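*Asks:* Next comes the sequence, and after it the predicted model I'd like to discuss.
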Amino acid sequence: MVSKLPIFSALFSLAFAKPMARSMKVREARESLPAGYVRTGAAAVDTELQLRIALVQNNPEGLIDALYDVSTPTSSSYGQHLSKEEVEKFVAPAAQTSETVNAWLDQAGVNATPISPAGDWLSITVPVGQANELFDADFAVYTHSETGKQTIRTMSYSIPSELEGHIDLVHPTITFPSSISLRPVVSTPSGLERRGIDPLASCSTSAVTPACVQSLYGIPATKATQSSNQLGVSGFIEQFANQADLTTFLNTLRPDLKGATFALQTLDGGSNPQSGSEAGIEANLDIQYTVGVASGVPVTFISVGENFNDGDLDGFLDIINFLLGESNPPQVLTTSYGNNENEISRSLANNLCNAYAQLGARGTSILFASGDGGVSGSQSQSCSKFVPTFPSGCPFMTSVGATQLTSSSGGETAASFSSGGFSNYFGTPSYQATAVSSYLSSLGSTDNGKFNTSGRAYPDVAAIGVNVEIVVNGQAETVDGTSCASPIFASTIALINDALIAAGKSPLGFLNPFLYANPGAFNDITSGDNAGCNTNGFPAGKGWDPVTGLGTPNFAALKAAAGV
Ligand SMILES: *[C@@H]1O[C@H](CO)[C@@H](O)[C@H](O)[C@H]1NC(C)=O
């Protein structure tokens, strides 16, 4: 009898713990597994999980108001970007939030480390068993049937009801690593064309070079002069940017920039090894079409390592918090990676989008490639409804679609892979409301029911993205993708910032209110469409459209609109 006592007390304490479960509130849940995943078993209770807790920020609405104040050309505070401290005042959790959450973790014997400059993100390391208790979760092993990749996730998690209003989200929990996410948004439909370097002075439909980009958009070859002007290029998934390839590229295609280099920043154990065989197509493309187009602008390659790569969005969180921690973040940041929006939890998407707003308020223009699957998302896939991409659905960044040449004389049409459409997570921001509603009325009933007419619409702008010539491991090849378009558009903005800074003015910062207020500063792309999901997708047309946005840059007009 006596020997049963401990068992009885164990049962009793389990039962005793139950009432606590009743005070738990589900914070996030997913209804079904993402495509490709199967549950392959329970996770060992002693496996350590590194979890991040996002605390509720004290004034996110105030931050968005401040962002629009400094980014809307008609506002009296236009260009008066916020300091790091001013942004952190909005973002920092209220004292009560930090105290309540820390007290709860302390009681559980869990150590929390702040991992964002404003203290709104905490990191904890807990074994699976304790994570299940803390969050009323069921962390289990899920395996991706194609890649075999195993990951520990839960279908839902809860927080104690007294922490509602204090904890925003916990990650990684219900957001699964995607088999396609964070792949470079670059596609080579006809395979890579290996070829000799073609130092074409003018454009051809089979090879687009920096000189071609300059002539298409009127981008000057004159070197920028301002050393405080920075153009940041994000690097993920061990895509490395090779200096020798950049040198070969410049020697042939921009001999006037001979000797130009880029700086390196690393985080999460990132690196940038220089052996030719490790040169990444995406990283080389991004570096060659920033250094090679934004003549003379200091370019930094920011290599995010794989220390936290189990959840692929961790790299996105880390790079943005890393830049938010800098006193002088780059004035332009271009990223050619992305996910499908539906793979990311709403709370995580919202948190990241808010982080872009923070950096935008500081004066950084954030550009992302829109994706290469047309209306079917970041890569082509089968679908019945259109698949929006992330972060293009976030209203506080600039999404860049792609075009292609129609002839060597320079006409452009939409690239058929150019992702565009409407977010299901974020509503239409006012800066694009008129442009979008006029597109929707001209669209009529086409694609009716396949997309969300009240969502944030993207892309915002476009640039050339087909048959773009790059050098990888000493060899020239051409690549296609919105991955080409984002660095090109980013370079255009970086050159305008150079002129603004030289004139003692503020850089452009968060671009969209300025861009939509100046539709005349673009070459309107009116033909082509972005097929996908067994449809022709959206047709490009006069004015803004969800394939090429407002169009491709007219450098002189954009510069004039910026007042320099
Ligand atoms: C459509 O977009 C709106 C605005 O973001 C959102 O509230 C709504 O949930 C979306 N609808 C669907 C079906 O996703």
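*Replies:* Perfect, thanks for sending it.
*Asks:* for the residue nearest in space to the middle of the chain, what are its contacts?
*Replies:* Of all residues in the chain, the one closest to the mean position by C-alpha atoms, centre = their mean is Pro391, 4.6 Å from it. Shown in contact with Pro391 (C-beta atoms under 8 Å, 6 or more residues apart in numbering): Phe316, Gly338, Ala349, Leu352, Cys353, Tyr356, Phe368, Met397, Ser399. Quick note: C-beta positions are derived from backbone N, CA and C, even for glycine.
*Asks:* Got phi/psi on the first one?
*Replies:* To tie it back to what came earlier, the one meant is Phe316. When read as degrees, to the nearest 10, the backbone of Phe316 gives phi -60, psi -40.
*Asks:* Might you list the low-confidence residue ranges for the stretch 201-350 of the chain?
*Replies:* When residues are selected by pLDDT under 70, those of the stretch 201-350 of the chain lie in 201-202, 308-312.
*Asks:* Where does the residue in the stretch 1-150 of the chain positioned nearest to the ligand sit, in terms of helix or strand?
*Replies:* Proximity of the stretch 1-150 of the chain to the ligand (C-beta to the nearest ligand atom) peaks at Glu31, 13.2 Å away. For Glu31, there is no host helix or strand (DSSP states H and E).
*Asks:* per-residue pLDDT, it?
*Replies:* The model reports Glu31 with a pLDDT of 91.
*Asks:* and the gap between it and Glu146?
*Replies:* In this view, Glu31 and Glu146 are 22 Å apart by C-beta to C-beta, to the nearest Å.
*Asks:* and if you look at Pro160?
*Replies:* For Pro160, the distance to Glu146 (C-beta to C-beta) stands at 38 Å.
*Asks:* out of the two, which sits in the more crowded spot?
*Replies:* Pro160 (19 against 9; other C-beta atoms under 10 Å).
*Asks:* right, and that one touches Met24 too?
*Replies:* Yes: taking C-beta atoms under 8 Å as the definition, Pro160 is a contact partner of Met24 at 6.0 Å.
*Asks:* okay, and the common contacts of these two?
*Replies:* With C-beta under 8 Å, 6+ apart applied, the contact sets of Pro160 and Met24 do not overlap.
*Asks:* check contacts around the residue in the stretch 301-450 of the chain that the ligand sits nearest to.
*Replies:* Sorted by distance to the ligand under C-beta to the nearest ligand atom, the residues of the stretch 301-450 of the chain start with Asn424, at 3.4 Å. By C-beta under 8 Å, 6+ apart, Asn424 lies in contact with Glu341, Asn342, Pro388, Gly393, Asn452, Gly455.
*Asks:* top of the residues you listed by neighbour count?
*Replies:* Pro388 (30 neighbours).
*Asks:* was I right about it contacting Ser399?
*Replies:* No: the pair Pro388 and Ser399 fails to qualify as a contact (C-beta under 8 Å) at a distance of 10.3 Å.
*Asks:* Residues that sit against both of the two, list them.
*Replies:* Contacts common to Pro388 and Ser399, judged by C-beta under 8 Å, 6+ apart, are Tyr458.
*Asks:* Arg456 should be in a strand, yeah?
*Replies:* Yes: under DSSP: H, G, I helix; E, B strand; the rest coil, Arg456 falls within a strand.
*Asks:* how close does it get to the ligand?
*Replies:* From Arg456 across to the ligand, the span is 7 Å (C-beta to the nearest ligand atom, to the nearest Å).
*Asks:* Check that residue and give its pLDDT.
*Replies:* Reported pLDDT at Arg456 in the predicted model: 98.
*Asks:* For the nearest residue to His166 once chain neighbours are set aside, list the residues it contacts.
*Replies:* Using C-beta to C-beta, 6 or more residues apart in numbering and skipping residues adjacent in sequence, the residue nearest His166 is Thr97, 4.4 Å away. When contacts are counted by C-beta under 8 Å, 6+ apart, Thr97 touches Leu55, Val56, Asn58, Gly165, His166.
*Asks:* mind running it again at 7 Å?
*Replies:* Residues near Thr97 by C-beta atoms under 7 Å, 6 or more residues apart in numbering: Leu55, Val56, His166.
*Asks:* Please apply the same query to Ala490.
*Replies:* Ala490 touches Leu231, Thr290, Val332, Thr334, Leu367, counting by C-beta under 7 Å, 6+ apart.
*Asks:* Now it. Nearest residue, chain neighbours left out?
*Replies:* Using C-beta to C-beta, 6+ apart and skipping residues adjacent in sequence, the residue nearest Ala490 is Thr334, 3.7 Å away.
*Asks:* distance between stretch 422-437 and the chain's centre?
*Replies:* The chain centre lies 18 Å from the centre of stretch 422-437; the measure is C-alpha atoms, centre = their mean, to the nearest Å.
*Asks:* Please report how far Arg456 lies from Phe390.
*Replies:* From Arg456 across to Phe390, the span is 11 Å (C-beta to C-beta).
*Asks:* Need the pLDDT of the residue of the stretch 451-564 of the chain found nearest the ligand.
*Replies:* The minimum distance from the stretch 451-564 of the chain to the ligand, using C-beta to the nearest ligand atom, falls at Asn452 (3.6 Å). In this prediction, Asn452 carries a pLDDT score of 98.
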